[in-house]
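**Q** coords below, sequence missing:
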């Protein structure tokens, strides 16, 4: 089941019932203090808990197999070996509690590249956590489907004979247009394409549009509608997306 922050606001009964029977809990962009407190109490018995881009208190409940993000302030997270403890210490993950989760956020950016040098079984659950985040951060239907596939395969005994595809790489920043299948790296590339595609519009007044990357990769309908609206008004839209809120 998929629920939104609106369901959290009204303490939806279906949401509470779903959490009681859940095998996996996944959340993102939850920051409201009351919502965090309400969730913390209701997900503590869910076997697999994945929380990204949310309040640090909620991210602390993350648990993937033997790997748990929470722990004593000066201790390493459970489910990792000495090699990884030394690696995590470099990022501030082992140390003061106020530094630990900030360290994890930094580790998420570079950890997947470093873990390939550590024997797989020794850090399997930590590696899976990083892989799940890689799919989620990349965004888009293909990556989300592969992420769910990975979770089901590793933690719900839903094994498949097919290999799970690697994340489809999507740039953190760029430009987009509904008539172009892909992304532009720079405004210059975008304008060269646009002026060839629509030569009669090259002298139109230009207007920049700032978009949220997650909305672009998930193909939210309003983006193409917004671009078309500006074009219909005789403007040359320059839709830029960034990886931020």
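**A** Nice, thanks for sending it over. These figures come from a predicted structure and were not determined experimentally. Numbering: from 1, shown residues only.

**Q** what does the helix or strand where residue 228 lies rub up against?
**A** Assessed by DSSP states H and E, residue 228 sits inside helix 221-232. Helix 221-232 is contacted by residues 176-178, 201, 207, 209, 211, 215-216, 236-237, 239 when judged by Cβ atoms under 8 Å, 6 or more residues apart in numbering. In short, each C-beta sits where N, CA and C put it, glycine included.

**Q** and those residues, which is closest to residue 45?
**A** Checking the contacts of helix 221-232 against residue 45 by Cβ to Cβ gives residue 215 as the nearest, at 33.6 Å.

**Q** follow-up on the earlier one: pairing partners for the helix or strand following the helix holding residue 228, with directions?
**A** Remark: after helix 221-232, the chain's next helix or strand is strand 236-242, criterion DSSP H and E. In the sheet, strand 236-242 lines up against strand 174-175 (antiparallel), strand 206-212 (parallel) (DSSP bridges).

**Q** which of the contacts of helix 221-232 are buried? Put it as a ChimeraX command.
**A** Entered in ChimeraX, the line below selects the buried ones among the contacts of helix 221-232, by 16 or more other Cβ atoms under 10 Å:
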select :176,177,211,216,236,237,239
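
**Q** which two of the contacts of helix 221-232 have the greatest separation?
**A** 201 and 215 (24.4 Å).

**Q** re earlier: now the angle from the helix holding residue 228 to strand 206-212?
**A** Per axes from the mean of the first three to the mean of the last three Cα atoms, to 10 degrees, the angle that helix 221-232 makes with strand 206-212 is 180 degrees.

**Q** same question for helix 221-232: list its buried residues.
**A** 223, 226-227, 230-231.

**Q** worst-scoring helix or strand of this protein, pLDDT-wise?
**A** helix 82-90 (a mean of 57; mean pLDDT, DSSP states H and E).

**Q** where does this protein dip in pLDDT?
**A** For the chain, the stretches flagged by pLDDT under 70 are 70-122, 244-245.

**Q** farthest from the middle of it: give me that residue.
**A** Within the chain, residue 200 marks the point farthest from the mean C-alpha position, 39.6 Å out by Cα atoms, centre = their mean.

**Q** mind listing what's buried in the helix or strand where residue 190 lies?
**A** Element membership for residue 190 (DSSP H and E) is helix 187-197. Of the residues in helix 187-197, 190-191, 194 count as buried by neighbour count, 16+ other Cβ under 10 Å.

**Q** ok now that helix, how far from the chain's centre?
**A** Here helix 187-197 is found 30 Å from its chain centre; the criterion is Cα atoms, centre = their mean, to the nearest Å.

**Q** which elements pack onto it?
**A** The elements that helix 187-197 packs onto, with contact taken as 3 or more Cβ pairs under 8 Å, 6 or more residues apart in numbering; DSSP states H and E, are strand 174-175, strand 236-242.

**Q** helices of this protein, start to end?
**A** Along the chain, counting by DSSP state H, helices occupy 5-9, 13-20, 33-43, 56-59, 82-90, 97-115, 124-138, 141-155, 187-197, 213-217, 221-232.

**Q** residue 68: which of the ones you listed is closest?
**A** Between the helices of the chain, helix 124-138 lies closest to residue 68; by Cβ to Cβ that is 9.1 Å.

**Q** what's the neighbour count on residue 6?
**A** 8 (other Cβ atoms under 10 Å).
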